[in-house]
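> Coordinates for the following, if possible.
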Amino acid sequence: MTESVWLYVNVPKGTVKVFGSYDTANEWLCQNDPYGVAVECPVEDKARSIVPKRTDVQVLLGAFLDARAILSAYLVPNSPRDANATVEKLMDALISDHVLAALSRIERRRRFGLVEVEHTN
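Okay, the predicted model is just below:
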C-alpha cells in the first residue's frame with residue numbers, strides 16, 4: 001500500500017499546506033479555498049525516526065575541541081607553519097565518519113514530520 005500526502009500551494013498568498021489524507025485536504029479546501037486544488041504525492045520512503053544519541057553531542061564537542069587545538073598549534077608564534085597540513089588535520093577532525101553520523105542523527109531529528117507553513121507579506 002502506497003501512502004500519500006496531499007499538497008496545497010497558493011503562491012500569491014505564500015501558503016503551503018501538507019495534508020495527511022484526502023478527506024482532510026478536501027475539508028480544508030471547502031472551507032478555505034473552494035477553487036483551490038490539493039495534489040496527491042506518494043510518499044516513497046517512510047521517514048524513520050533517527051534519535052540522536054547522548055554521545056552525539058560529545059562527538060561534536062570533541063571535534064570542536066580537536067579543531068581548536070589544531071588551530072592553536074598553527075598559531076603558536078615562531079613555530080613552523082604548514083597551511084596545507086593544518087587544513088588536512090582540520091578536515092580529518094571535522095568530517096570524520098563519527099562526526100558526520102552524529103550530525104546526521106541530530107539534523108534528521110529536526111526535519112522529520114509534516115510541516116504547515118504560512119507566510120504573510
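> Now do the helices in this structure.
For the chain, the helices defined by DSSP state H occupy 22-32, 54-74, 83-94, 97-111.
> By mean pLDDT, show me the worst of the ones you listed.
Ranked by mean pLDDT, those bottom out at helix 97-111, which scores a mean of 69.
> Save the helices of the chain as JSON lines, and put in mean neighbour count and distance to residue 42 too.
The C-beta positions use only the backbone N, C-alpha and C, and glycine is treated the same way. Output for those, formatted as JSON lines (neighbours: other CB atoms under 10 Å; distance: least, CB to CB, whole Å):
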{"stretch": "helix 22-32", "mean neighbour count": "13", "distance to residue 42": "13"}
{"stretch": "helix 54-74", "mean neighbour count": "14", "distance to residue 42": "32"}
{"stretch": "helix 83-94", "mean neighbour count": "13", "distance to residue 42": "37"}
{"stretch": "helix 97-111", "mean neighbour count": "14", "distance to residue 42": "19"}
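> Adding distance to residue 13, write those out as JSON lines.
Putting the helices of the chain into JSON lines (distance: least, CB to CB, whole Å) gives the following:
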{"stretch": "helix 22-32", "distance to residue 13": "10"}
{"stretch": "helix 54-74", "distance to residue 13": "39"}
{"stretch": "helix 83-94", "distance to residue 13": "42"}
{"stretch": "helix 97-111", "distance to residue 13": "25"}
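> Residue 17 and residue 35: what is the separation?
Residue 17 sits at a distance of 15 Å from residue 35 (criterion: CB to CB, to the nearest Å).
> Need the outlier residue of this structure, farthest from its centre.
residue 78 (42.5 Å; CA atoms, centre = their mean).
> can you tell me which residues contact that residue?
The neighbourhood of residue 78, defined by CB atoms under 8 Å, 6 or more residues apart in numbering, contains no residues.
> Ramachandran angles for it?
phi 60, psi 30 (degrees, to the nearest 10).
> again with residue 11
Torsion angles, degrees, to the nearest 10, at residue 11: phi -60, psi -50.
> ok, it to residue 20 distance?
Taking CB to CB, one finds residue 11 at 23 Å from residue 20.
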